[in-house]
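J.: make a model of this:
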Amino acid sequence: MNGNRLEGMIPQTIVNCHDLQGIDIGENKIRGVFPFWMETLPQLRILVLRSNKLGGTFLVYSNTNKPFPKLQVLDVSQNAFVGSLPDRYFKNFRAMIDVKENQTNDGANSFLKTIELKLTLKGLDQLLQRLLDTFTTIDLSSNRFSGIIPPSVGNLNCLRYLNLSHNTIRGHIPPSLEGMSLLESLDLSSNRLDGEIPDGCARLTFLAKLNVSMNNLKGQIPQSTQFSTFGNESYVGNVGLCGFPLTKHCERIDEKSILSQDDDDEFIDGFGWQCVVMGYGTGFVVGIGIGYMIIRSGRPRLLGEFIFGIGYNNRMKRRNREKTRLRRG
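T.: Got it, this is the predicted structure:
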């Protein structure tokens, strides 16, 4: 039923179709909230709700222990969903954690061989005409999801495509992403992510498409054979990022200056308050002694010269000449 002008809400009576394997009602005008009641459909592999007018949050309590046990395709992009990302699903999508959950003994499954499914993969709209057991994708892009990317997303070690772009997700990119060893495409662009790109992401050897543009990321881009294949467009809009392939070089800290600074710090630390007190004390005693000797010898002029310099000596000479002139007069 994709690409029609369907309106209203999704009828909940669909839950009675226990053998249903695919639901595609994208590109319509469907309203309402996410159909949580579909969690119990035991054979559902495809759920496409993209480009509708659905909204609300994914934070709904459910008694289902294993929601969507065989789901391989979840596309709810271009709707108006809000709130946190579906952490509960990331922890329980069995078919995206272990591909063995999708394997079937029915080699003549006509549904898997004759589907026509339009999805956005690696940034391009593509027509999928066959669903392999190993094909898995989650597209939550172009909604209003907020909060952080939960570490539980790393549980999806069989996920091939993940698109969380064009939301208002904040916080750091979780290091747990390195556990998604089969990931081929990762799109986190146009969010509010900050911090550094985890070094572990460089170990995603199947990653063919990466887009973290238009965020607030900083630090050096991880260096690896895989990351060297991504162009500037993967990182544009992150003024704090540096390193290849960007033209902005990361600042290098001179090891010699660090060692010199450490030596200076050690010298300053060793030059403690005891030395300072001894210096002040010695200077005070010497000063008092010199002053006493000058006054005792009856030569305060020397003290004046010592304190006030040459100017004092010149003024004393002028005063003496004036006294002599007055006596002669």
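J.: was I right about residue 222 contacting residue 210?
T.: No. Residue 222 is beyond contact range of residue 210, at 10.4 Å (criterion: C-beta atoms under 8 Å). All C-beta atoms are positioned from the backbone trio N, CA, C, and that covers glycine.
J.: neighbour-wise, which of these two wins?
T.: The neighbour comparison of residue 222 against residue 210 (other C-beta atoms under 10 Å) goes to residue 210, with 24 against 17.
J.: where does the stretch 1-150 of the chain have low pLDDT?
T.: Where the stretch 1-150 of the chain drops to pLDDT under 70, the residues are 100-108.
J.: quick one: the strands in it?
T.: Counting by DSSP state E, counting those that start in this stretch, the stretch 1-150 of the chain has strands at residues 22-24, 31-33, 46-48, 53-56, 73-75, 80-83, 117-121, 124-128, 137-139, 144-145.
J.: direction included, what does the fourth one pair up with?
T.: Paired strands of strand 53-56, with direction, are strand 31-33 (parallel), strand 80-83 (parallel) (DSSP bridges).
J.: need those in a markdown table (columns: mean neighbour count and distance to residue 66).
T.: What follows is the strands paired with strand 53-56, written out as a markdown table (neighbours: other C-beta atoms under 10 Å; distance: least, C-beta to C-beta, whole Å):
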| stretch | mean neighbour count | distance to residue 66 |
| --- | --- | --- |
| strand 31-33 | 14 | 21 |
| strand 80-83 | 16 | 22 |
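J.: can I get those in TSV with distance to residue 170?
T.: Output for those, formatted as TSV (distance: least, C-beta to C-beta, whole Å):
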stretch	distance to residue 170
strand 31-33	24
strand 80-83	13
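J.: to residue 92, which of these lies closest?
T.: Closest approach to residue 92 among the strands paired with strand 53-56 (C-beta to C-beta): strand 80-83, 18.1 Å.
J.: how far does the closest one sit from its chain's centre?
T.: In terms of C-alpha atoms, centre = their mean, to the nearest Å, the centre of strand 80-83 is set 21 Å apart from its chain centre.
J.: who touches it?
T.: Contacts to strand 80-83, defined as C-beta atoms under 8 Å, 6 or more residues apart in numbering, come from residues 34, 53-59, 140, 143-147.
J.: pull the most distant pair out of those.
T.: Longest distance between any two of the contacts of strand 80-83 is 22.5 Å, between 53 and 147; criterion C-beta to C-beta.
J.: show me the contacts for the residue nearest to the spatial centre of the chain.
T.: When C-alpha atoms, centre = their mean is applied to the chain, the residue found nearest the centroid is residue 172 (3.1 Å). By C-beta under 8 Å, 6+ apart, the residues touching residue 172 are 148, 193-196.
J.: and residue 218, that one's in a strand?
T.: Yes. Assessed with DSSP: H, G, I helix; E, B strand; the rest coil, residue 218 lies in a strand.
J.: next, count neighbours for the nearest residue to it once chain neighbours are set aside.
T.: Nearest-residue entry for residue 218: residue 240, 2.7 Å, with adjacent residues in sequence omitted and distances by C-beta to C-beta, 6 or more residues apart in numbering. Neighbourhood size, residue 240 [other C-beta under 10 Å]: 13.
J.: quick check, pLDDT for residue 240.
T.: Here, the pLDDT recorded for residue 240 equals 93.
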